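> A structural model of the following input is requested.
(one chain, ligands or ions: 2)
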Amino acid sequence: MKELITKKAIEERTSELAEQINRDFADKKDVLVLCALKGAVMFFADLVRQLNFDMELDFCAPQSYGDGTISSGKVDMKLAPFTTIKGRDILLVEDIVDTGISLEFCKKYLVDSGAKSVKVAALLDKPTRRRVAVFADYVGFSIEDKFVIGFGLDKMQKFRNLNGIFVVE
Ligand code: IMP
Ligand code: MG
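Ligands and ions are numbered 1, 2, ... in the order given. Predicted coordinates for the structure are as follows:
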């Protein structure tokens, strides 16, 4: 296991993203900031504490099937947000955009539920792995095609608690 991104680098980058998001959302009211469980939990908690516009927090759990290191391409909303989506400006907070299948599913889910707008913040992006053309509006780090764990990201549900991003060797 090799450290790829330190907790300090994540902290610094999260602050930069927060500044950018604060500027872009400054005039919005009653924004719904949505954490995509489980992977985004650490990034979400750090990010929202640096956001300063009018917001509500909520959670959802999109699940892409396949418990190894390869996603099956099938996604399901295992836990829907508790709050109304209709008419809301949404900031969806994701752990990583890999093939993009999960993000495409989530965006469609939110748009179909009547969201007024959907922006996405993702801690990590693996652009070379993309199979569908989706992107995050705010990206922490663009990384190579390597399977990573820590800071919310798992391998078979373990290692989410690691305080940094590590490459599995
Ligand atoms: P997708 O392939 O873009 O649909 O990614 C779906 C989900 O797979 C992400 O939200 C993560 O939970 C998981 N995932 C993708 N790449 C990695 C990785 O390198 N480490 C841990 N989880 C990953
Ligand atoms: Mg996962």
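> interface residues of the protein facing ligand 1?
Neighbours of ligand 1 within the chain, by CB under 6 Å from any ligand atom: 39, 64, 71, 95-103, 147-149, 153-154. To be clear about C-beta, it is placed using only N, CA and C from the backbone, and glycine gets the same treatment.
> In PyMOL, select just the buried ones from these.
To isolate the buried members of the residues of the chain next to ligand 1 in PyMOL, using 16 or more other CB atoms under 10 Å:
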select buried, resi 39+64+71+95+96+97+98+99+100+101+102+103+148+149+153+154
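> Give me the subset of the residues of the chain next to ligand 1 lying in helices.
Counting by DSSP state H, the part of the residues of the chain next to ligand 1 found in helices is 101-103.
> Make a markdown table out of these and add distance to residue 79.
A markdown table is the format used below for those (distance: CB to CB, whole Å):
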| residue | distance to residue 79 |
| --- | --- |
| 101 | 18 |
| 102 | 14 |
| 103 | 17 |
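> Would you format these as TSV with pLDDT and distance to residue 124 included?
TSV is the format used below for these (pLDDT from 0 to 100; distance: CB to CB, whole Å):
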residue	pLDDT	distance to residue 124
101	96	16
102	97	13
103	98	12
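> quick check, nearest of the residues you listed to residue 78?
residue 102 (11.7 Å; CB to CB).
> what sits against the closest one?
By CB atoms under 8 Å, 6 or more residues apart in numbering, the contact set of residue 102 is 36, 62, 64, 71, 75, 94.
> now, which of those residues lie within strands?
Residues from the contacts of residue 102 lying in strands, with DSSP state E as the criterion: 36, 62, 64, 75, 94.
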